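Visitor: take a look and give me a structure for this.
(one chain, ligands or ions: 2)
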Amino acid sequence: MGRRVFLGTLGLGALGVLAAPALQRGTEAFLGGAADRDPTGLTGLLPNGGGFRYYSVTSSVPHKDAGNYRLTVDGLVDRPATYTLAGLRALPQTRMVRDVQCVTGWRVPGTPFEGVRLSELLDAAGVRSSAGAVRFTCFDGAYSESLTLEQARRADVLVALRMQDEDLGHSHGGPVRLYVAPMYFYKSAKWLSGITVTDEVRPGYWEERGYDVDAWVGRSNGRDDEPTT
Ligand SMILES: Nc1nc2c(c(=O)[nH]1)N[C@H]1C(S)=C(S)[C@@H](COP(=O)(O)O)O[C@H]1N2
Ligand SMILES: [Mo]
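Guide: Ligands and ions are numbered 1, 2, ... in the order given. Below you'll find the predicted structure:
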């Protein structure tokens with residue numbers, strides 16, 4: 001599907017939140033349609049036959065699994081750490097069911113996410129008093145995100161291992177992605193590989209390209225109401 005057709009499916013005119021068509025570049029496939037017409041099998045992950053779009057700012061992303069996945073926690077901490085997938089699975093898991101909202105307008109209501117609270121990993125690392133923010137990096141080699149320390153410590157921010165009650169698949173950022181429930185989905189960095197505690201917020205990939213750093217759903221990116229589909 002070409003870019004123009006793809007944007008058309010988003011109802012772009014009604015939204016007025018896209019700063020530029022460049023925000024839609026990258027590899028995207030609209031995962032709609034029946035599972036039996038989907039050679040990738042990805043639509044099997046989708047609730048009620050659809051809703052999610054697959055986003056990546058890079059054209060390919062290496063696959064990682066329990067054998068080679070690592071998550072590092074470093075920066076302004078007393079105890080830097082590296083977690084394997086098994087190490088993350090061994091920590092207390094939190095499940096929450098929230099609406100997923102992309103800033104471009106699509107929304108998937110009632111999506112379960114499950115994983116380790118980010119606050120748990122931060123506490124384990126021992127955040128230093130000079131710290132003010134957390135930066136996230138990804139094994140796609142390009143994407144990044146940030147939260148203030150206060151945002152990062154919220155109970156509804158997860159290092160997610162599962163989505164829709166399945167282990168996170170590669171297309172949705174597996175084996176581990178960030179899930180920032182109260183913010184637009186661009187905060188939820190896929191293919192998470194690094195958590196670095198910093199002194200202040202460094203704008204992430206889309207934020208350097210115009211989106212709000214404080215991405216509260218309904219309160220940022222020029223919106224002042226609750227989002228609609
Ligand atoms: N590493 C990485 N994370 C990312 C993105 C991306 O391109 N790369 N896109 C973001 C955006 S804009 C959205 S809407 C969601 C899409 O998640 P999905 O592909 O699981 O639907 O991932 C977010 N996290
Ligand atoms: Mo998005």
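Visitor: give me the neighbour count for residue 86.
Guide: Residues lying near residue 86 (other Cβ atoms under 10 Å) number 9. C-beta: built from backbone N, CA, C; applies to glycine.
Visitor: pretty sure residue 103 contacts residue 183?
Guide: No: judged on Cβ atoms under 8 Å, residue 103 makes no contact with residue 183 at a distance of 9.4 Å.
Visitor: any shared contact partners between the two?
Guide: Common contacts of residue 103 and residue 183 (Cβ atoms under 8 Å, 6 or more residues apart in numbering): residue 215.
Visitor: just read off the phi/psi values of the residue most central in space within the chain.
Guide: Centroid-nearest residue in the chain: residue 188, 1.8 Å away (criterion: Cα atoms, centre = their mean). Reported as degrees, to the nearest 10, the phi and psi values for residue 188 are phi -80, psi 80.
Visitor: report the contact partners of it.
Guide: Counting by Cβ under 8 Å, 6+ apart, residue 188 has contacts 145, 160, 173, 177-180.
Visitor: mind listing the helices for this protein?
Guide: Assigned helices in the chain, in chain order: 3-9, 12-15, 85-89, 118-125, 149-152 (criterion: DSSP state H).
Visitor: which of the contacts of residue 188 lies closest to residue 116?
Guide: Using Cβ to Cβ, residue 160 comes nearest to residue 116 of those, at 8.3 Å.
Visitor: isn't that closest one right up against residue 177?
Guide: Yes: applying Cβ under 8 Å, one finds residue 160 in contact with residue 177, separated by 5.3 Å.
Visitor: list residues touching both of the two?
Guide: Joint contacts of residue 160 and residue 177 (Cβ under 8 Å, 6+ apart) are 168, 188.
Visitor: for residue 54, give me the pLDDT.
Guide: Residue 54 is assigned a pLDDT of 87 by the prediction.
Visitor: please apply the same query to the one 10 residues further on.
Guide: In this prediction, residue 64 carries a pLDDT score of 98.
Visitor: counting contacts, what elements does the biggest strand by length in the chain pack onto?
Guide: Among the segments of the chain that qualify as a strand by DSSP state E, the longest is strand 107-117. Contacts defined by 3 or more Cβ pairs under 8 Å, 6 or more residues apart in numbering; DSSP states H and E place strand 107-117 against strand 94-101, strand 157-163.
Visitor: list the buried residues in it.
Guide: Neighbour-count burial for strand 107-117 flags 107-108, 111, 113-117 (criterion: 16 or more other Cβ atoms under 10 Å).
Visitor: ditto for stretch 73-91
Guide: Result for stretch 73-91 [16+ other Cβ under 10 Å]: buried residues 73, 75-77, 83, 85, 88-89, 91.
Visitor: can you tell me which of these lies closest to residue 199?
Guide: Distances from residue 199 to the buried residues of stretch 73-91, taken by Cβ to Cβ, are shortest for residue 76, at 6.8 Å.
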